[in-house]
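Student: Need coordinates for the following:
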Amino acid sequence: MARNNNQSVTPGAQSALDQLKYEIAGELGITNYQQMDKGALPSRVNGYVGGNMTKKMVAFAEQALASGGTAQIANAAPTEQIGQRS
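Tutor: A predicted model of the protein is given here:
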């Protein structure tokens, strides 16, 4: 089983990302994605879901930048300064 040692930058982001994942899977016609064993799926299927999630997040950021919403992006994913950890 894979271990995920990554820490979320934004609290509560994991549930939003999970919701986006299931929404994308539904759009791709993958039913019951939430209950599926992702390890039993071909990597191509999981890659489609992850790739489409990335496309949607990039489109959101591009739209926010184009409309002058840089604060919206900065608040959505604050960056960590090098050498400064919480």
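
Student: hey, let's count contacts and neighbours off CA atoms from now on
Tutor: Noted.

Student: Quick check: Gln7 vs Leu17, distance?
Tutor: 14 Å (Cα to Cα, to the nearest Å).

Student: neighbour-wise, which of the two wins?
Tutor: For Gln7 versus Leu17, neighbours defined as other Cα atoms under 10 Å are more numerous around Leu17 (12 against 7).

Student: Relative to Gly50, how far out is the more buried one?
Tutor: In this view, Leu17 and Gly50 are 10 Å apart by Cα to Cα.

Student: What of Met36?
Tutor: Met36 sits 15 Å away from Gly50, going by Cα to Cα.

Student: Tell me which of those two has more neighbours.
Tutor: Shown here are Met36 and Gly50; by other Cα under 10 Å, Gly50 has more neighbours (15 against 11).

Student: hang on, that one packs against Lys21?
Tutor: Yes - if you go by Cα atoms under 8 Å, Gly50 and Lys21 touch, sitting 7.4 Å apart.

Student: For the chain, which segments count as helices?
Tutor: Here the chain has its helices, by DSSP state H, at 13-27, 43-66, 70-76.

Student: how about the ones you listed, which one is nearest Arg3?
Tutor: helix 13-27 (15.4 Å; Cα to Cα).

Student: ok so, going back, so for Gln7 and Leu17, which residues contact both of them?
Tutor: Taking Cα atoms under 8 Å, 6 or more residues apart in numbering as the contact rule, Gln7 and Leu17 have no neighbour in common.

Student: give me the low-pLDDT residue ranges for the protein?
Tutor: Across the chain, the ranges flagged by pLDDT under 70 are 1-2, 8, 69-70, 72-86.

Student: Give me the most central residue, it.
Tutor: In the chain, the residue lying closest to the centroid (Cα atoms, centre = their mean) is Leu17, at 4.5 Å.
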